[in-house]
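Participant: coordinates only, sequence not included:
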């Protein structure tokens, strides 16, 4: 589990959570974690199995992006 604070709230994301990328519209399930180096610092990334994209092509593929790009998604 990773905890991320975006200034307004704290988000905890675990493997199996469904997430939405606010920039790309990708919707998928967290399948792992990683990291990248940005400006000489390490940043946590999420590896997400994307099941649905903004343009509705129903192919599955893996996307890795910084944890701050993702928000938990739920149907309520």
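Facilitator: All right, it came through fine. For clarity, every value in this text was computed on a predicted model and none was experimentally measured.
Participant: so which bits of stretch 42-51 are buried?
Facilitator: By 16 or more other CB atoms under 10 Å, the buried positions in stretch 42-51 come out as 45-48, 50. C-beta coordinates here come from the backbone N, C-alpha and C atoms, glycine included.
Participant: for residue 73, which non-adjacent residue is spatially closest?
Facilitator: residue 20 (4.2 Å; CB to CB, 6 or more residues apart in numbering).
Participant: residue 69 is in contact with the one you found, correct?
Facilitator: No - Residue 20 is beyond contact range of residue 69, at 9.7 Å (criterion: CB atoms under 8 Å).
Participant: for the residue lying closest to residue 19 once chain neighbours are set aside, phi and psi?
Facilitator: Nearest residue to residue 19 in three dimensions, chain neighbours excluded: residue 70, at 4.2 Å (CB to CB, 6+ apart). Residue 70 adopts backbone torsions of phi -110, psi 150, taken as degrees, to the nearest 10.
Participant: how about residue 70, what does it touch?
Facilitator: Counting by CB atoms under 8 Å, 6 or more residues apart in numbering, residue 70 touches 13, 19-22, 46, 48.
Participant: inside strands: which ones of those residues?
Facilitator: The members of these that map onto strands under DSSP state E are 13, 19-21, 46, 48.
Participant: what's the closest of those residues to residue 35?
Facilitator: residue 46 (10.5 Å; CB to CB).
Participant: any weak-confidence spans in this structure?
Facilitator: Scanning the chain for pLDDT under 70 picks out the ranges 1-11, 52-58, 76.
Participant: didn't residue 47 look like it was pressed against residue 28?
Facilitator: No - with contacts counted by CB under 8 Å, residue 47 stays clear of residue 28, the gap being 9.6 Å.
Participant: between those two, which contacts overlap?
Facilitator: Joint contacts of residue 47 and residue 28 (CB under 8 Å, 6+ apart) are residue 63.
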